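1. Mind folding the following:
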Amino acid sequence: MVNAYVNPKLQSKKLYIASHELFHILYMKYVLNNDYSKRIVWYDEGMAQYMSGEKTFLSENDNFCKYYLKFKKET
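-> Just a heads-up that it's a prediction; the model follows:
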């Protein structure tokens, strides 16, 4: 079961939540065999984003470059 809070300012995120969280559930059960100590965070999160399609906009035009530069500036 997936319970999630969606900030009203980020309504577009609700399109991806179910498939993103489903990836985490299936990855934990079938790949990690419920052993959380084996989790590789960057891989798990990256695959969840990839499988849910929430970052597909980055493959269009120069969106990745804009996204990267904004992320770099803010962090």
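2. separation between residue 41 and residue 56?
-> Distance of residue 41 to residue 56, computed by Cβ to Cβ, to the nearest Å: 22 Å. Bear in mind the C-beta positions are built from the backbone N, C-alpha and C, glycine included.
3. quick one, which of those two is more surrounded?
-> Shown here are residue 41 and residue 56; by other Cβ atoms under 10 Å, residue 56 has more neighbours (12 against 7).
4. What about residue 52, how many residues nearby?
-> Residue 52 has 19 neighbouring residues, counting by other Cβ under 10 Å.
5. which phi and psi does it have?
-> Residue 52 adopts backbone torsions of phi -80, psi -20, taken as degrees, to the nearest 10.
6. Surely it touches residue 14?
-> No. Using Cβ atoms under 8 Å, residue 52 makes no contact with residue 14, being 11.3 Å away.
7. which residue ranges form the helices in the protein?
-> 17-26, 41-52, 63-74 (DSSP state H).
8. a markdown table please, covering those helices and showing mean pLDDT and distance to residue 33.
-> Listed next are the helices of the chain as a markdown table, based on pLDDT from 0 to 100; distance: least, Cβ to Cβ, whole Å:
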| stretch | mean pLDDT | distance to residue 33 |
| --- | --- | --- |
| helix 17-26 | 92 | 12 |
| helix 41-52 | 94 | 14 |
| helix 63-74 | 92 | 33 |
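9. State the distance from residue 60 to residue 71.
-> Distance, residue 60 to residue 71, using Cβ to Cβ: 17 Å.
10. swap that for residue 43, sorry
-> From residue 43 to residue 71 the distance is 19 Å (Cβ to Cβ).
11. Centroid-nearest residue for the chain?
-> Taking Cα atoms, centre = their mean as the criterion, residue 49 is the residue nearest the geometric centre of the chain, at 3.0 Å.
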